[in-house]
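[1] generate a structure from the sequence data that follows.
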Amino acid sequence: MPQSPNQRAKLLYLMKILLEKTDVQSPMTISEIIAELAAYNITSERKSIYTDFEILRQFGLDIETQRSKTTGYYISNRDFELPELKLLVDAVQSSKLITNKKSRELIGKLSKLTSAAQAKQLNRQVYVSGRAKAINETVYYSIDAIHTAINEGKKISFKYFSYDTAKKRVYRNQGQEYKRTPIAMCWNDDNYYLITYIPKAGDPFATFRVDRMAKVQVLDEKADKFDRKSFDVAEYVKRTFGMYSGETVSAKLAFDESLVSVVLDHFGADTHITNEGNGRFSISVDVSSSPVFLAWIFQFGSKAEILAPDSLRNAMLNLINTSKEKYEK
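    Below you'll find the model as predicted:
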């Protein structure tokens, strides 16, 4: 009887069957494994399967034995355990950066990292209040190009846009390409940002939302040189609060005690807290005097107050009065 073309790949198919169909809750008997191999037109004997198991164990596959009324075999340790995959799936599904289409593709790939039985548990639905998914499908290629440019010390070119009411792109800079030296990527408020540098007077650094960048290309031009040792990415992100430009000021802020966790989440666990009495506490931090910061404070109503400086208090007062006038009309 002629040998099946698949026979020489028996070990590979055996590994495929064990990885895809077994786990601690779903072991397979030798008879079941032989039947699965037969589906690939591969003949096998019980004794040869034991020998194959030893070869796969030496290769690094963690094949365990489970004995009850019957003896079953399964893959124990994997690169990703089921709870880890669930966490990754939840992150992918809830991320605003990742489009619905790409979310499905990534979850499908993650599902292949475990058994078919456990993969069913990854068909999860994570609901995040008010969460909108991205509509820019090319963001993944933009991220890859940016990292390539950073690693190779090159400049990038790109177009930057926003959306109009018809959800069509409106390009900034009169549609002309930006040319910048990429410095670092950072994550803020569920958005990916790129910090860039260009030699110029004033502030040579600028941030761009990656999902609003189009036609990102790595250029042959070398990146502009600057004093990297004196540039602290973490401090820059903290200083440009909310990723919007604005004058940096040293502020004293007061909050209701119920907001301790919120404040520490936002400003960092190392933020010094001063008990002000009457159920209030205060902090002293550097913030950006911008509408984004003021809006963040405003959301807490009477539970938050800007104590100093006066310029920041006046900025909040102007924002409140402007909004008040609009609603009074």
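
[2] and the helices in the protein?
    Counting by DSSP state H, the chain has helices at residues 10-21, 30-39, 46-59, 82-94, 100-111, 116-119, 139-152, 233-239, 260-267, 291-298, 310-328.

[3] how about TSV for these, with mean pLDDT and mean neighbour count added?
    All C-beta spots, glycine's among them, are computed from the backbone N, C-alpha and C. What follows is those, written out as TSV (pLDDT from 0 to 100; neighbours: other CB atoms under 10 Å):
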stretch	mean pLDDT	mean neighbour count
helix 10-21	95	17
helix 30-39	96	16
helix 46-59	95	13
helix 82-94	86	16
helix 100-111	88	15
helix 116-119	89	16
helix 139-152	91	16
helix 233-239	75	14
helix 260-267	88	14
helix 291-298	89	17
helix 310-328	91	12
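
[4] can you say which of the ones you listed is nearest to Lys225?
    Using CB to CB as the measure, helix 139-152 is the one of those that comes nearest Lys225, at 14.1 Å.

[5] mind listing residues that contact the closest one?
    Contacts with helix 139-152, where a contact means CB atoms under 8 Å, 6 or more residues apart in numbering, come from 97, 102, 154-156, 158, 182-185, 192, 194, 210-211, 213-214, 216-219, 223.

[6] check stretch 56-74 too.
    Applying CB under 8 Å, 6+ apart, the set of residues contacting stretch 56-74 from outside is 11, 14-15, 18, 22-24, 26-30, 33, 53, 75-78.

[7] next: stretch 108-127.
    Outside stretch 108-127, the residues that reach it (CB under 8 Å, 6+ apart) are 19-23, 25-26, 75, 78-80, 82, 85-86, 88-90, 92-94, 107.

[8] try 10 Å
    Counting by CB atoms under 10 Å, 6 or more residues apart in numbering, stretch 108-127 makes contact with 18-26, 74-75, 78-82, 84-86, 88-95, 103, 107, all of which sit outside it.

[9] still on that earlier bit, which of the contacts of helix 139-152 are buried?
    97, 102, 154-156, 158, 182-183, 192, 194, 210-211, 213-214, 216, 218, 223 (16 or more other CB atoms under 10 Å).

[10] mind checking which of these are in strands?
    154-156, 158, 182-183, 192, 194, 213-214, 216, 218 (DSSP state E).
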